[in-house]
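Chemist: no sequence for this one, just the structure:
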């Protein structure tokens with residue numbers, strides 16, 4: 001039998017894989033987002049941005065590439081507010097997927113810088129040296145104010161997220177409670193009520209205002225001692241909710 005090799009088609013065949021490799025890949029939806037967000041911030045001001053976009057701008061400095069919007073929203077969902085994100089300790093921050101040492105350090109650094117700047121106002125502060133003096137100060141401040149101003153039930157949301165931090169390292173005797181919040185009628189009353197509800201004693205308060213910002217430092221104890229870590233967490237969380245108008 002005559003077995004001849006099969007004839008092969010010598011005509012060139014298209015390389016389908018090469019065509020696929022040359023096909024343009026779709027661009028990520030977030031491409032150019034950083035520049036657009038920076039342009040909006042520069043044009044409209046930071047105050048016009050929602051919290052998650054402010055947090056995005058902060059994360060840009062820690063995470064050089066990629067879409068950080070999901071991480072910003074995840075942080076806000078985990079801690080509840082921008083102020084609470086900035087007040088969280090490093091270990092709590094790192095419990096969120098995508099937050100490493102660098103991101104946690106940058107967020108903690110931002111809060112530390114804000115608190116140190118606030119403490120520079122100490123020389124101009126009103127000093128209250130006891131719990132009874134604080135109650136008297138609040139009573140005097142509110143004595144002639146109409147109740148419809150919202151002393152007990154603040155309406156609306158703060159103009160900027162409150163910062164609340166408890167610190168056991170700055171003093172050998174007291175837990176230092178730093179609070180920066182929008183200055184408003186009844187603010188000190190609401191703070192004092194929360195502190196009292198947690199069974200704490202106030203030995204010294206430094207009070208200052210800077211425009212619409214209230215900057216207060218409380219020296220507190222509980223049962224004659226500094227607050228434990230659990231007591232600090234409970235108090236600062238309660239203060240955050242109160243200052244954000246959710247209680």
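Modeler: Yep, that arrived. Keep in mind it's a predicted model, so treat the numbers as computed, not measured.
Chemist: mind giving me the domain ranges of this structure?
Modeler: 33-117, 125-243 (automatic domain parsing).
Chemist: Out of those, point me to the one whose mean pLDDT is lowest.
Modeler: Among the domains of the chain, domain 125-243 carries the lowest mean pLDDT, a mean of 78.
Chemist: Double-check that residue 91 belongs to a helix.
Modeler: Yes: counting by DSSP: H, G, I helix; E, B strand; the rest coil, residue 91 is found in a helix.
Chemist: quick one, what contacts it?
Modeler: Going by C-beta atoms under 8 Å, 6 or more residues apart in numbering, residue 91 touches no other residue. Using the backbone N, CA and C atoms, a C-beta is placed for each residue, glycine as well.
Chemist: if you set the cut-off to 10 Å instead, what comes out?
Modeler: Residue 91 sits next to residue 104 when contact means C-beta atoms under 10 Å, 6 or more residues apart in numbering.
Chemist: Quickly note the distance from it to residue 70.
Modeler: 22 Å (C-beta to C-beta, to the nearest Å).
Chemist: Tell me, how many residues neighbour the closest residue to residue 73 other than its chain neighbours?
Modeler: Spatial nearest neighbour of residue 73, chain neighbours left out: residue 52 (5.2 Å); criterion: C-beta to C-beta, 6 or more residues apart in numbering. Using other C-beta atoms under 10 Å, residue 52 has 18 neighbouring residues.
Chemist: So residue 52 sits against residue 161, correct?
Modeler: No: the pair residue 52 / residue 161 is not scored as a contact, 11.9 Å apart, by C-beta atoms under 10 Å.
Chemist: Which neighbours do these two have in common?
Modeler: Common neighbours of residue 52 and residue 161, counting by C-beta under 10 Å, 6+ apart, are residue 82.
Chemist: in the chain, which spans are strands?
Modeler: 126-128, 163-167, 175-182, 201-210, 213-221 (DSSP state E).
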